[in-house]
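sequence first, then the predicted structure:
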Amino acid sequence: MNAFDWHRVLLGDVNTGFLGEVVARTLMAYVVVFLFLKIAGRRGVRQLSLFELVVILTLGSAAGDVTFYEDVPVLPVLVVFLAMIILYRLTTFLTERSGRFGEWLEGKPFLIIRDGVFELKALQSGNITHAEFLMELRLRGVEHLGQVRLGILEVNGDVSLYFHEREDVKPGLSILPPEHRESLTTADREDLYACEYCGHLETLVHQQALPCPRCDNPVWSKALCNPRAA
């Protein structure tokens, strides 16, 4: 083997004519995946169900292999595409006919905030981390939990929020990053504090250290009560 054999480095065992075939294979793979996405409907990645994501990844793998491996024939990839279409249609049919099957396949939305406080079961489910959910709230312009009446985690991972009216906003846990809120295990003065894990509110007196009676978390921050910006 010769060092710096550029034909070997760039093309390996194939000849330059195969590059034209790569272009044709790539076009075919592009059309296959595009047609599936058209059949599945125009939806963003965040809106794809778990099953749809698995299908697209499978198609992507098959389409990717056929584009530049000369020993991968085209016809089996088309068979994969047809099989996936049939499987997708069958799954969609079963999902529409059976709510239980659809719930098993895609999961179901669940409540994660109720009246300005986190639902402990939702936090402990492991579907989303505490930090991730706080980030989702910040992206929606939320400053503290007291602004939120209901928060629902949808099956696609998106978050639906329902807010209190401006005059009904309650004190709540600041959801700003840790460097922008003061975390305390001992109250520095008598005030209303929010548990940094579940959002439970408690009035603490000076120098009082109290684990949250709701989730046993020892860390608190001062509750905020600002209304949402218009």
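The structure has been received and is ready for your questions. Numbers count the residues shown, from 1 in each chain.

SS state for the most centrally placed residue in the chain?
Centroid-nearest residue in the chain, with CA atoms, centre = their mean: residue 157, separated by 4.0 Å. Classification of residue 157 using DSSP: H, G, I helix; E, B strand; the rest coil returns coil.

same question, residue 216
Per three-state DSSP, the local secondary structure of residue 216 is coil.

give me the phi and psi angles of the residue nearest to the centre of the chain.
Backbone torsions for residue 157, taken as degrees, to the nearest 10, come to phi 90, psi -10.

that one against residue 128, yeah?
Yes - judged on CB atoms under 8 Å, residue 157 makes contact with residue 128 at a distance of 7.4 Å. Quick note: C-beta positions are derived from backbone N, CA and C, even for glycine.

and the chain, what are its domains?
Domains of the chain are assigned by automatic domain parsing as 6-104, 110-222.

how far off centre is stretch 135-146?
Relative to the centre of its chain, stretch 135-146 is centred 16 Å away, using CA atoms, centre = their mean, to the nearest Å.

how much space is there between residue 30 and residue 61?
Residue 30 sits 15 Å away from residue 61, going by CB to CB, to the nearest Å.

same question for the host helix or strand of residue 101, mean pLDDT?
Assigned by DSSP states H and E, residue 101 belongs to helix 99-106. On average, the pLDDT along helix 99-106 is 73.

and that helix, what other elements does it pack with?
Here helix 99-106 touches helix 50-68, helix 75-97, going by 3 or more CB pairs under 8 Å, 6 or more residues apart in numbering; DSSP states H and E.

neighbours of residue 152, just the number please.
Close neighbours of residue 152, defined as other CB atoms under 10 Å, add up to 16.

who's it bridged to?
residue 111, residue 160 (DSSP bridges).

re the thing from before, give me the pLDDT for the residue nearest to the centre of the chain.
73.

equivalent analysis for the one 3 residues further on, please.
Per-residue confidence (pLDDT) for residue 160: 90.

can you check residue 3 too?
Looking at residue 3, its pLDDT is 71.

residues contacting it?
Residues counted as contacts of residue 3 (CB atoms under 8 Å, 6 or more residues apart in numbering): none.

surely it is in a strand?
No - using three-state DSSP, the assignment for residue 3 is coil, not a strand.

rewinding a little: weakest of the helices and strands packed on helix 99-106 in terms of mean pLDDT?
Lowest mean pLDDT within those: helix 50-68, at a mean of 73.

any stretches of this structure with poor pLDDT?
1-2, 4-14, 37, 39-50, 68, 70-72, 105-106, 126-127, 230 (pLDDT under 70).

same thing but 90
Flagging of the chain using pLDDT under 90 yields the residue ranges 1-110, 120-136, 139-141, 153-159, 166-167, 176-182, 188, 226-230.

starting at the chain centroid, how far to the helix holding residue 101?
Centroid separation for helix 99-106 versus its chain: 19 Å, with CA atoms, centre = their mean.

and that helix with helix 75-97, angle?
Here helix 99-106 points in a direction 130 degrees away from that of helix 75-97 (axes from the mean of the first three to the mean of the last three CA atoms, to 10 degrees).
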